[in-house]
Every structure is written in C-alpha cells, then in structure tokens.
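> structure here, sequence nowhere to be found:
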C-alpha cells in the first residue's frame, strides 16, 4: 500500500519537497497531500513588494505552479484555504480546517513535512491588531496591501527597516503614497553595519521617504478599529496604512505544540537530511527551521526563499528514497532600493563579535567598470577578516548597477574558508565593461590583508 | 650603496612591480629605472578597442600613470621610447636604444624584471607586413589603428575571432566601417566551445559583420606596400584596414637570447615569487611569462591585464624584501559584444580532454532575474564536470545584462576544487531583481550533478 505524505504549507519548501519526492516515487508508492491556509501555492514571496509597487502587475505572475498544475502534472493534491490546526504524532494525523466550507477533520500521514514558514513580528502594543496594519509574509498579505493602496491609502508608515520594510517603502512610494519609515536601529537596513547602512538611508531620502532612526514605536492610534497613526517617541505619524517590517519569526508553534523539538532561534532543528530530531517520519524545511551558520558555527533562522527551495529539494529527495544533505548557510542576502544595490554575506561586525571572533575591517571605494568606461559607478565594499589568520568573515557591498551580485564571489570564498590573502589572487574576470583591472572584490581583499598584517605587526612589536 | 632595479616594459606588470618595490624600499636603498619601447606607461591595453571605437574618446583616459607621475610620486625613472635590445647576464646590464635620439648604451642592473609583454601572432604569409595591417597589443598600435580609421578607412577585415578580434570588429562597426571577420575556427570566440560560440556569431551577425568561419587566410593582396585585400580560401575580401586578432605570443625572445629559460608555451617560467629559474636576480611578470593552470595542472601563457597586475604586485613585494606568491590561474575571461556578455573559466571541452579528464557537460537556459521581473533576459550557462567525482572543470556563460560576472562565482568554486554537488547548495544571493530563486549558476550545477549521477548509474549497470 502507498505511503501517505502530508505537507503543511504549500509554498517554496513544501512544494519543492513534494515535487522532488514525486519524481522519485510514483503515486502507487507515495500519496502526497499538501495543505495551505492561504489562497496560493508555490509563489515568490520575495516578489510581493514588486506586486504591491505594480512593478509586477498581477499576483498570478508570482505563482510558479497552482494547485491544478500540481494535480495534473505531479499527482499532488494541494489544497489551499486549508489550515492545519493540530499535529497528533501518536495518532499520525493532522487536524485540518477547511476555511471556506468550515469544519475540521483529521488527515492521516505516514510521513509529515512541516513547511509552515515564518510570521511577521507583530509588536505587542496597543492597537497593533487594528485594520490597516499589515505584516507581509504570504501572498494573501500582499494582495491585501495592494487592495488597500488601490482603495486610496495616502499615508503609509513602515515600521522596521529590514529588507521587507525597505522594499515595501519603495513600493508604496512608487504607488504615490507619502511614506514614513521608523526603525529602532541607527541606520536603515540593519543587516548591514551602520557605516554601510548610511548609504541606504541616503537612497531612501532621495526617494522622498521620511526616515526616523533610533525611534521606537509605542503604540497605534486607532478609530473604529482602523489605524490612524503610529505613536513613537519622536511623535505621532499619521497613517492609513502600516507595514510591519521588523522581521519574521519561524512559524514553529504548530510543530512545537505537537512535541517536535524547537531550537533557541525559535526554528525547528533538523539533521542534514531535513529530518526533525527525536521524531520519526517528521521532516521540516523552509522558513520554519533553524539552520547551521557555517561562519558563526551556530544555529540561525533565516527566512529566505532560496534556502526554502534548497531545503525542500533536500527533504524531497530523501523522502523519495534518495540521499541529499543541506550543508547550512553563510548569511548571504541582496536587495535593491531604487537603483541602489545592497548585498551582504557572512557576519557583520556585531555578529562576528558575538561569535567570538576578533577581526579587522576595511571599506574600499572603487568602480563597477574600468574608471574610464562609460557607465562606471561607485561601489563600496566592506570586508571583515579574522585577526591573525586573515580568514574572511563577512562582506558587504553597496553600489549601483553590477555591484551587488559580486557578493556571490565573496560568499563562495567564505563557504570555502578562504583567507583574504588567498583571495586577492583569485582569477576573477576582467574586461573594461565589467570591472577595473583589479576587481573591487580583489582590492578590498588586498586592503584587508594589509590591515591584517599591520595588526599582526602592531601586536608583535607591542605597538599601537 | 643602493641596488639598481631595471624594468624592461613599463606597462601593467612592470610598473606594478616597480611601485610595490618602491613602497617597501626608499630611493637610497633601491634605484628604479624602467624602459618601454612605446610612448606610454601603465595603460589599460584591454581598453584599446574602446578607444578605437570612440567609446573612450582619448588615449589619455587609458593611462593610469605617466612617466612624470612615476618620477614625481614614486621616484621611478620611467623612460618611454627606449627599447631594450639585449640583456647581458654576465655583465649585468641591458643594451638600450633611445628611439628618438638614436644610439644605444648599456644600463647596469642588480635586479632585472622582464615585463616585455606579448606580441600579436603575425602569419608568415605573402604581404603580411604591408601597411594597413595591424596587430593590436600596445597602446601605440591602438593609436595607429584609430588614426587609420580617422583617415577614412572604409573596409576592414579582422583575421581571427578571439577576444581582441571580436572587440576590434565591434569597434570598427561603431566607427562606420564595413567589417568582415575571418576565422579558422568553427565559431567565433574560440575560447568557448562551439555550441556557446554560436550565440556570439549571432550577435556579430546582428551587428552587420560579415563572418567567415572555417576559413584560412592564404595571403594579403597589396599595392605600393599597402594592403588592398585579404586572400582566403573563401575568396578575397577587400580591405584598407586589416586587424590581426589571432591571439598573441609571449614576448620572451629578448630574455631567451640572454639565456633565461623559456618554457614550452613560449612564456618564461618563474617560481611562485616570480623569479626566473637558474638566473639569480632576474624576475619576470605579465604576458611574457607562463603560469600554472590550477585545473589542467599544466603551464599556460595567458595574456591578460589582471594577471599582469597581480604578478607585478607579487614580483614587486618580493623585490621590496617582502613575501608574496602568485598561485596560478583557472582560465577566467570575460568580454562583451554589443550587449552580449560572454564569460568562461576553467577548461573548455577540448582543453579538458587534452588534460586527460573525462567529463559530463550540461547547458542550461535560465534568466538573469526572476522570470516575472522587468528586464529579465536569457542567460545560457554551460558546465563541465569531471566524471564520477563531479568536480567542476569549467564553465561558460553567454547572456545579456548581469550574466557574465556570474563567472566569478564559478571561478572561485573552481579555485577551491568544489564539486557541482557541493556547489548546488552554495549560499548565493537571491532577490527578484538579481536572479531567479535558483540562480542560473545553481541550476546549472544541479543539472550537472544529475548528469554525473546518470553517468555513474550507466557505468555501474553496464547500460548506455
């Protein structure tokens, strides 16, 4: 008799896993059912700001595969608007609520994949569940925000200045709203060190966004259950639309309540093959898990579609009887604000310190093309390297066209635990339309190595 | 008394070395004299096609530092229009001809750096030294070609379709010439496999270039010592301007004649610190040397400004009393034809075979951004991976905006001898304006790994 795989959450991780499992095991061997509380399957959550900003006109464009496609081409029964409310490990079944028809029923499983994603951090403040306040995580959230904009919202306040906050702020500016951005951090884009985040602040200002840094939200002013203003220590900011962009948390509550171990990050730990610990036949993948940070050597929970897809693939191959492992992350991320490209990998300064590293940092300005070549623009590269060894610990890039994807070179070097000394001779591509003869990455490595050497010299001579 | 360093060739390698040596040793400790047969020092040779095409309006823009700057800021005596005609190792002196004043004299050295660059391959055919036929290697060549164009050349034939040939063909089209490109290879851009080169042919055709592949030149028709046509097996092509773009050879004759060992590639072998072998105090760097190919594990001579700069830096640090090594190359290169970006790293198929590898290849089409994101364009990635091990051996990329620099990620992986299996989980940056959720590099690695696995399965089951 066929085994039955139940997938909770039918987006990137869940459906990557389901598809991979199906490739290896036919319907007579494995029955696959996936449930999702939202209206959509397998969509690009990272595309939501662009849909809100009308850069991408319709929500359909963000969808890779709908339930009909899964049924027809993969023999996967993907049921949207079905919320899993409980997992019973002893009974090997999940309690599912049909959000349209109403009522709940139990669905049995042999194998269970928890792919419940993440939920936006919603501050526990007066008025925080008023209408007009949106977290942005699933596509339904994006549809709701876009509807609010279409319905005539004029003033938006974005709380939090991480990737989602900043991308949403830009999207709302594109739609003609007055946008205020409020963040507790010293600069926007707190995934960067403040000296690099300052460039992001400038780009946001240039777009006409009103930015308040070092500013905490104390509550929301509401009327008739609708938000009217965001209350902060810097004063009140009128808003008929509020975006919560203070990050997300792994959505591990459902699995945790069932007895699946949950880690210190709030994410579900898994082994290399994406199996949860101490729970046979229960797998987890995507934004709800915690993963291994290869530089910090600590568990981290990083909500990102690319990890979700890879982890889903790994879970699916293993569920399908194959062998694959997920080897962790190095903390790479990239974003765009207007024409400013922003990227990071590895550890920023506070993270490196927290992990126990001592390090040197350098910031280097160069150009994306040969200086004399038309279209050459400024690129600022920051490198953090371990004291003494010179091992690369992290990098950040801010610049214009052609800047950000250079982070992948640094991420690959980081993955391989290269020193900046070894990196400065890397055989990177050079031609005038693409880089100066010393690529900005190489220049930064050279300067970082010089800083490591100076630091060693100072230590050994007892000098400053 | 100060030592005396004589540098032969005052471009990328030579002057990088001179500057680095100066940083570490003051004028009282090291006297530095550099000679160059051309009119310029420290310029971007790779920028010459853009100067010819008027993308870069003046030759000055290609010059990083002129002799005055070297004298003033570095205390380096750089003498242009001075050709070194002989090296006498016993006497420890070079014979220098002052091309303007005339006459030769001996200049003594304690340390000698040979940075004589490369020379274009000039076919030994009737008429090949006629006026109007140009190799393009030093900036003076570029100035001469541009003058010929300015003087009204109408029809150009480019012989050879490597980087220089193709970039010069485009430059001449930009200047309004009728351009014919003749190459012996099956496709233009012979640094790529033919299946990838075919895309380059298409881009060249779209520019209006008349391309003849698989076509050998048998001579040049001349009148009054000027070229009139290029004679080939496909017929004669009228030309008042001919560009030799069939590659370059290390310019090692001067050093070889003095008894410095020369390798099978025609380049000068050096140790890791850029010292020539069996010749004390004689160093070499740049296009005139041969270097170690880290994948083929063979010596190669690759003329490229980025290697020249790095090798010059290494030689200069060592000449200055420091310690640095040049660890070899992996064969990375990048170019642009119109808006088509072309990149490669590692070994192409014939090179991998010659090195003794057996391998699988895959070619994957994807997009540079998320498929739904405005501006997403096609990117074609080819991967060559070793049979069984799955170790990356080479990669080629052809695409539009944002395609080519992805080769650096592959070059870094190659440098670290990664397998495509390990690579497919690399933590590369993802956001919709920059890549699909699976970056094209990762997709290609996934497909390559599947090909490796299929190949193993076929071997082990004795199947096809």
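Yes, it's here. Fair warning: this is a prediction, and the values are worked out from it, not measured in the lab.
> need phi/psi at residue A:268.
In terms of degrees, to the nearest 10, the main-chain angles of residue A:268 are phi -90, psi 120.
> contacts only, for it.
A:114, A:250, A:252, A:255-256, A:260-262, A:276, A:284, A:288-290 (C-beta atoms under 8 Å, 6 or more residues apart in numbering or on different chains). All C-beta spots, glycine's among them, are computed from the backbone N, C-alpha and C.
> try residue A:80
A:10, A:36, A:38, A:39, A:40, A:41, A:67.
> how about the residues of the stretch 1-150 of chain A by chain B?
A:12, A:44, A:46, A:47, A:50, A:55, A:56, A:61, A:62 (C-beta under 8 Å from any C-beta of the partner chain).
> so where do the helices sit in the stretch 51-200 of chain A?
For the stretch 51-200 of chain A, the helices defined by DSSP state H, counting those that start in this stretch occupy A:67-74, A:139-150, A:163-174, A:194-206.
> over to the stretch 201-350 of chain A?
A:253-257, A:305-319, A:349-355.
> closest one to chain B among those?
Proximity to chain B (C-beta to the nearest C-beta) singles out helix A:305-319 among the helices of the stretch 201-350 of chain A, at 4.0 Å.
> from chain B, how far out is residue A:180?
Look at residue A:180 and chain B: by C-beta to the nearest C-beta, to the nearest Å, they are 24 Å apart.
> for residue A:362, same thing?
With distances taken as C-beta to the nearest C-beta, residue A:362 is found 17 Å from chain B.
> and that residue, which helix or strand is it part of?
Here residue A:362 sits within strand A:359-367, counting by DSSP states H and E.
> can you select the buried ones from the contacts of residue A:80 in ChimeraX?
To isolate the buried members of the contacts of residue A:80 in ChimeraX, using 16 or more other C-beta atoms under 10 Å in any protein chain shown:
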select /A:10,36,38,40,41,67
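> take the residues of the stretch 1-150 of chain A next to chain B and lay them out in a markdown table including neighbour count and pLDDT.
Listed next are those as a markdown table, based on neighbours: other C-beta atoms under 10 Å in any protein chain shown; pLDDT from 0 to 100:
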| residue | neighbour count | pLDDT |
| --- | --- | --- |
| A:12 | 30 | 96 |
| A:44 | 24 | 94 |
| A:46 | 23 | 93 |
| A:47 | 27 | 95 |
| A:50 | 27 | 97 |
| A:55 | 17 | 96 |
| A:56 | 22 | 96 |
| A:61 | 16 | 96 |
| A:62 | 22 | 96 |
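> quick one: the strands in the stretch 301-450 of chain A?
A:333-337, A:340-346, A:359-367, A:378-386, A:392-399 (DSSP state E, counting those that start in this stretch).
> please produce a markdown table containing those strands, extended by mean pLDDT and mean neighbour count.
As requested, the strands of the stretch 301-450 of chain A are arranged in a markdown table below (pLDDT from 0 to 100; neighbours: other C-beta atoms under 10 Å in any protein chain shown):
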| stretch | mean pLDDT | mean neighbour count |
| --- | --- | --- |
| strand A:333-337 | 96 | 24 |
| strand A:340-346 | 97 | 27 |
| strand A:359-367 | 98 | 19 |
| strand A:378-386 | 98 | 24 |
| strand A:392-399 | 98 | 28 |
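> what about the ones you listed, which gets the closest to residue B:135?
Across the strands of the stretch 301-450 of chain A, residue B:135 has its closest neighbour in strand A:359-367 (29.4 Å, C-beta to C-beta).
> that closest one packs against which elements?
helix A:349-355, strand A:378-386, helix A:440-461 (3 or more C-beta pairs under 8 Å, 6 or more residues apart in numbering or on different chains; DSSP states H and E).
> residues in contact with that strand?
A:193, A:195-196, A:349, A:352, A:376-387, A:393, A:436, A:438, A:440, A:443-444, A:447-448, A:451-452, A:455.
> can you tell me which of the residues you listed are up against chain B?
residue A:438.
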